[in-house]
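Novice: The following block contains a protein sequence and its predicted model.
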Amino acid sequence: MTVITTFEEKRKDKQMKLERKLLKELSIKKLTESVQSYFGNIRIRSASFYQEGFNEACYDVAVESYLIGGKISRLGRYGETAEQLKLRVNKELKHFSDTLFNFWLYWSEMGVAGQIDESLYYTCEQFVNHWWQEGYQAGIQRQKLRLH
């Protein structure tokens with residue numbers, strides 16, 4: 001008796017393996033330093049007790065952006081440039097930027113004061129782009145070393 005698997009199961013298994021390999025190269029220290037450098041000057045409206053939750057929200061967005069960059073990098077070997085590949089995932093990256101911006105806008109003192117600070121949106125956008133680029137570079141490096 002043989003076990004029947006679907007292509008969907010195979011695709012999910014392959015995706016999980018790739019994500020695990022990519023995440024092995026990502027360090028918490030690097031994530032923490034990145035969050036601190038991008039969002040360290042934003043004051044939070046509630047107690048500092050919640051700072052850990054804000055960091056984790058940023059980590060989630062960073063990891064998702066990193067994984068998208070790592071996954072899409074495999075198409076680079078077929079001749080597409082990083083800019084062309086980024087256009088393919090631009091919708092997802094914009095969603096992450098918007099989500100992070102709305103999160104910070106709601107919980108930061110900027111949201112309380114009613115001021116919409118464009119620089120905060122650009123900071124969120126740069127943060128997402130930074131982690132997409134990190135993932136893309138990690139994926140390219142894995143291909144060059146034939147670790148894929």
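Specialist: Cool, got the structure. Residues are numbered from 1 along each chain as shown.

Novice: Could you tell me what pLDDT the model assigned to residue 40?
Specialist: Residue 40 is assigned a pLDDT of 78 by the prediction.

Novice: cool, residue 109 as well?
Specialist: pLDDT at residue 109 comes out at 62.

Novice: Same question for residue 113.
Specialist: If you check residue 113, the pLDDT there is 49.

Novice: got it, and residue 44?
Specialist: For residue 44, the model assigns a pLDDT of 60.

Novice: Which strands and helices lie in contact with the lengthiest helix in the chain?
Specialist: Secondary structure of the chain read by DSSP state H shows that its longest helix is helix 118-144. Here helix 118-144 touches helix 7-24, helix 28-39, helix 51-72, helix 82-88, helix 90-107, going by 3 or more Cβ pairs under 8 Å, 6 or more residues apart in numbering; DSSP states H and E. All C-beta atoms are positioned from the backbone trio N, CA, C, and that covers glycine.

Novice: For that helix, give the mean pLDDT please.
Specialist: Across helix 118-144, the average pLDDT comes to 91.

Novice: Thank you kindly, that will do.
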